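Asker: predicted model and sequence below, questions to follow.
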There are 2 protein chains.
Amino acid sequence: MNGAKSLVLTLLDSGVDTCFANPGTSEMHFVAALDQTPGMHCVLGLQENVVTGMADGYYRIARKPACTLLHCGPGLANGLANLHNARRAHSGIVNLVGDQATYHRPFDAPLTADTDGLARTVSAWVRTSTHACDVGRDAAAAVQAASSYPGRVATLILPSDTCWNEGGTVAQPLPVPAPAPMDPAAVENAARVLRSGKNVLILLSGHGVLGNSQALAWRIGRATGAAIEADFMASHLARGRGHMQLQRVPYNTDQAIKALSRFEHIILVNAKAPVGFFAYPGKPSTQYPPTAQLHVLSRPDQDAQLALGALVDALGAPESAIPDPGPRPIAAKGAPTPEGLAQTLAALMPEHSIVSDESISYGRGFYPQTHAAPDHDWLHLAGGAIGGGLPVATGAAIAAGGKRRVISLQADGSAMYSVQSLWTQAREKLPCTTIILNNGKYNILIGEYANVGAKPGATAMKMLDLGDPDLNWVKIANGMGVEAARASTMEELATLMAHSFRQDGPFLIELMV
Amino acid sequence: MNGAKSLVLTLLDSGVDTCFANPGTSEMHFVAALDQTPGMHCVLGLQENVVTGMADGYYRIARKPACTLLHCGPGLANGLANLHNARRAHSGIVNLVGDQATYHRPFDAPLTADTDGLARTVSAWVRTSTHACDVGRDAAAAVQAASSYPGRVATLILPSDTCWNEGGTVAQPLPVPAPAPMDPAAVENAARVLRSGKNVLILLSGHGVLGNSQALAWRIGRATGAAIEADFMASHLARGRGHMQLQRVPYNTDQAIKALSRFEHIILVNAKAPVGFFAYPGKPSTQYPPTAQLHVLSRPDQDAQLALGALVDALGAPESAIPDPGPRPIAAKGAPTPEGLAQTLAALMPEHSIVSDESISYGRGFYPQTHAAPDHDWLHLAGGAIGGGLPVATGAAIAAGGKRRVISLQADGSAMYSVQSLWTQAREKLPCTTIILNNGKYNILIGEYANVGAKPGATAMKMLDLGDPDLNWVKIANGMGVEAARASTMEELATLMAHSFRQDGPFLIELMV
């Protein structure tokens, strides 16, 4: 058996059964091995940032890693931005990169690049196989690394001769290490702070806003009067009926500082201390009061739910059900507004929908109107590298086996970054509804420009405006095989959303905002 | 004056007057400085690989660097593949990357990444400014590095506080260093080899296929009987009437080995020794005979024209005009073929056109039919990272000030990589004619798969085929504001080409092949 075949069999044995791919010449033996071995679902992306973003979205919903298949250093480079996002989202990915044969590398052929150096910028684990007989072993180690709590990017670089040479050996799956152990002293300390009667914020992120964590946090809040919020950088929240009515710390630095100003203590649950997305002249980097004390209940590599459970026990916090959010909103009418969009979404989304939110400037206020929607998952752009939303939606739909509606709330500027995702949605006939928020500009940057103190002139607007010519999203979607229509009112949006939710395949709504 | 203003003024003083940009929050002070300072032509790309590819194409035609403007590590990451291509093409680029403020970086905000590490994978020169007062000095040094023969990628990383802080100082332009000196011993050695009566190949690349180099090489060939070919990796050839009827070393390893088998000596003029794009089992990495002797007349950092001139003198090679290539072809008829396309192109292309060739599998045979076309420049994908063709065409058109027709011969699979380029062509109203060679598949990979020894099955074809759904390039182009039409015969192609050559702005022809 050659190395490629041992790779495929080891991946399957280790539970990796989905491969997001854009292969090249150096990966042909891997493609051949996939062809000869049933069991791997292969999904083509027409650019590598689509491939890696799909792997991120897949992990968030499947909670197990998929593999990618990328072509040499430049193919990896194309996928780095969404690997950056995946790293920030703690998504586990077995990132496979084919490369020049070991003996061919010194000849510096055109596609030769510093593949290892590129991989290290986004990966928690990097290895380059050097012999066919090691590929199975290395693949099992990569799956182990990617699966380690809370999920990591593990890059395995495979020179083409390690794939085509004989001597491949299938490796047994390696055990997935448990999360780092809980710290009883941290639990005691948090309990002490919560009993102090001071203004306390419990800041949740990672697994702290998933699974049973919210129910535990709610009990702690009820028992102690502590406030509970989600980190702005949280990548994935369980939301809607049955979940907490959480707010995120605001994106805007001034608003974040104001929102956090009253707290004397902040207990971090798999969250980092709140810092600005960017620095601004004369404004602090940190958003919490200088006098506030930070307390780590659990780090990102510790089990948030276990820590919150221990804290419930330490406090003796009584059972308390998360309250009902009230009646489901009805669809909005009239001209498009962010609130109206959120309301219509809450009114119409099917139960267990997945929302992929890359709405940027338009979407900061979607949360309040969607608390009373049915149970759903809400995915954010964790790393800030735009172009994550559409691929994440696509990968999430694959992870859900086409059984859950995926709704993209997608800014136009960032949609253009990975527009090729639409084609994969069409090919895989995925139940993806994309709502393009077409404002014809990089609106967030026009806001940021205002912070510089001036009104943008012609030169600046040329770099901030997406008009001249206007993008026509219906035509772009149709060109990639996705049915699409334009909505200019909330009524039209509601009609199109309802229509798309009845379809098996993808649909794009261009909402003129 | 703040650092940003000193940056813009220094760039302008150093002759950099074109900025390809996709800015973000950390670059807003630079955008403001551009807004307040006339003289810089700012061109927006809707994804960074378009931005960097435009800068590559600009350099190849303008022969002076433009600057880019990218946003943080992930923005740089998105542009790396075309920086890789630019590096291989020896294109000079002042690659500006805004980044987190110096004091904000330790807080590891979401967009924080190893910007320096990413930059080093593609740059000959990397520097991070640390104070506003250094920005001017660093910018002048970056222009100097980028302009150094034969052109380099120079990356200057600008933390946002170095742009907004006061203390900016405009720096004087630095002298552009001359090419490395010619080696008289190399010239003598080449003359000796050429006089030996053995089978000699003169292999040209870089500036060896530009300017007056071809005329000099022709004289040497006439005087000595040596064969003359272009390196497959040559990124830019002067072609058509008045230029040599050069062939490139074939891409296919077997064909290349066969083509080079008769040579006992190979004289390298700014070229590297011919090696395979990839390794294949049982085939050598090098394509020249093991017994052939390699001789370096000039390295890529030496002046090819000077070296060839010295060799002409050493040989006493008499004046000899490059012969006329014969009558211009007439447009082809019937079903599309590669030869027919090349013939039609030669028949119709305006004088001084620029051809951006990312035709991949379809385009290996375009050269013979286009020798008798009018004088033109032909640009290749030097680094093999697909997605270069459309951005390079766009940047080349900007460099030519809209005065030269730019024709993209563009494979469909690679066109999807940087499809956003079409929008910039529309916004800038560039005379770009894009001919999409729509074969609905990654045809080169289907050929490569055959080398593995098997016929692709369903799983493999799912990763090699672009059908299901078919891409509709007319709709995609229209969606980005570019007029477009489909051609299924050579007659239709000729009509559409002639139509597009009369237009001021861009036009896309989807050729069904």
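Answerer: Received, thanks. Numbers count the residues shown, from 1 in each chain, chains lettered A, B, ... in the order given.
Asker: what residues sit buried inside stretch A:302-317?
Answerer: A:302-312, A:314-315, A:317 (16 or more other C-beta atoms under 10 Å in any protein chain shown). No exception for glycine: its C-beta is placed from N, CA and C like everyone else's.
Asker: just the closest of these to chain B, please.
Answerer: Nearest to chain B among these: A:Gln302, at 18.3 Å, using C-beta to the nearest C-beta.
Asker: so chain A: which segments form each domain?
Answerer: A:3-164, A:184-315, A:338-512 (automatic domain parsing).
Asker: so A:Gly151 touches A:Ala62, yeah?
Answerer: No - at 10.7 Å, A:Gly151 does not count as touching A:Ala62 under the criterion of C-beta atoms under 8 Å.
Asker: which of those two has more residues huddled nearby?
Answerer: Taking other C-beta atoms under 10 Å in any protein chain shown, A:Gly151 and A:Ala62 do not tie; A:Gly151 has more neighbours (25 against 18).
Asker: any idea how far that one lies from A:Ala86?
Answerer: A:Gly151 sits 8 Å away from A:Ala86, taking C-beta to C-beta, to the nearest Å as the criterion.
Asker: overlap of the contact sets of these two?
Answerer: Shared contacts of A:Gly151 and A:Ala86, defined by C-beta atoms under 8 Å, 6 or more residues apart in numbering or on different chains, are found at A:Tyr59, A:Ile93.
Asker: give me the residue from the stretch 151-300 of chain A nearest chain B.
Answerer: A:Ala279 (3.7 Å).
Asker: where in chain A is pLDDT low?
Answerer: Chain A contains residues with pLDDT under 70 at A:453.
Asker: that older thread, now render the domains of chain A as TSV, adding distance to B:Glu188.
Answerer: As requested, the domains of chain A are exported to TSV (distance: least, C-beta to C-beta, whole Å):
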stretch	distance to B:Glu188
domain A:3-164	28
domain A:184-315	60
domain A:338-512	54
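Asker: what's the most buried one of those?
Answerer: domain A:3-164 (a mean of 25; mean count of other C-beta atoms under 10 Å in any protein chain shown).
Asker: and A:Pro289, helix, strand or coil?
Answerer: Following DSSP: H, G, I helix; E, B strand; the rest coil, we place A:Pro289 in the coil state.
Asker: quick check: closest non-adjacent residue to A:Ser298.
Answerer: A:Ala307 (3.8 Å; C-beta to C-beta, 6 or more residues apart in numbering or on different chains).
Asker: state the helix or strand in which the one you found lies.
Answerer: Assigned by DSSP states H and E, A:Ala307 belongs to helix A:304-315.
Asker: which elements pack onto that helix?
Answerer: In terms of contacts (3 or more C-beta pairs under 8 Å, 6 or more residues apart in numbering or on different chains; DSSP states H and E), helix A:304-315 is packed against helix A:184-195, helix A:213-224, strand A:265-269, strand A:293-298.
Asker: distance from it to the middle of the chain?
Answerer: 26 Å (C-alpha atoms, centre = their mean, to the nearest Å).
Asker: between that helix and helix A:213-224, how many degrees?
Answerer: Orientation check (axes from the mean of the first three to the mean of the last three C-alpha atoms, to 10 degrees): helix A:304-315 against helix A:213-224 gives 20 degrees.
Asker: name the residues that touch helix A:304-315?
Answerer: By C-beta under 8 Å, 6+ apart, helix A:304-315 touches A:179, A:182, A:184, A:186-188, A:190-191, A:194-195, A:204, A:206-208, A:211-213, A:216-217, A:219-220, A:223-224, A:269-270, A:297-298, A:317.
Asker: for the very next helix or strand once past it, C-alpha coordinates in PDB please.
Answerer: Sequence order places helix A:338-348 as the next helix or strand after helix A:304-315, per DSSP H and E. What follows is helix A:338-348, C-alpha atoms only, in PDB (Å, rounded to 0.1, in the frame of the first residue of the first chain):
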ATOM      1  CA  PRO A 338     -31.500  45.800  11.100                       C
ATOM      2  CA  GLU A 339     -34.200  45.300  13.800                       C
ATOM      3  CA  GLY A 340     -36.800  44.400  11.200                       C
ATOM      4  CA  LEU A 341     -34.400  41.800   9.600                       C
ATOM      5  CA  ALA A 342     -33.800  40.200  13.000                       C
ATOM      6  CA  GLN A 343     -37.500  40.200  13.800                       C
ATOM      7  CA  THR A 344     -38.400  38.600  10.400                       C
ATOM      8  CA  LEU A 345     -35.600  36.000  10.900                       C
ATOM      9  CA  ALA A 346     -36.900  35.200  14.400                       C
ATOM     10  CA  ALA A 347     -40.400  34.900  12.900                       C
ATOM     11  CA  LEU A 348     -39.600  32.600  10.100                       C
END
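Asker: who's in contact with A:Ala494?
Answerer: Counted by C-beta under 8 Å, 6+ apart, A:Ala494 has contacts A:Ala331, A:Ala332, A:Thr344, A:Ala347, A:Leu348.
Asker: ok, now with 10 Å
Answerer: A:Ala494 makes contact with A:Ile330, A:Ala331, A:Ala332, A:Lys333, A:Gly340, A:Gln343, A:Thr344, A:Leu345, A:Ala347, A:Leu348, A:Ala487, according to C-beta atoms under 10 Å, 6 or more residues apart in numbering or on different chains.
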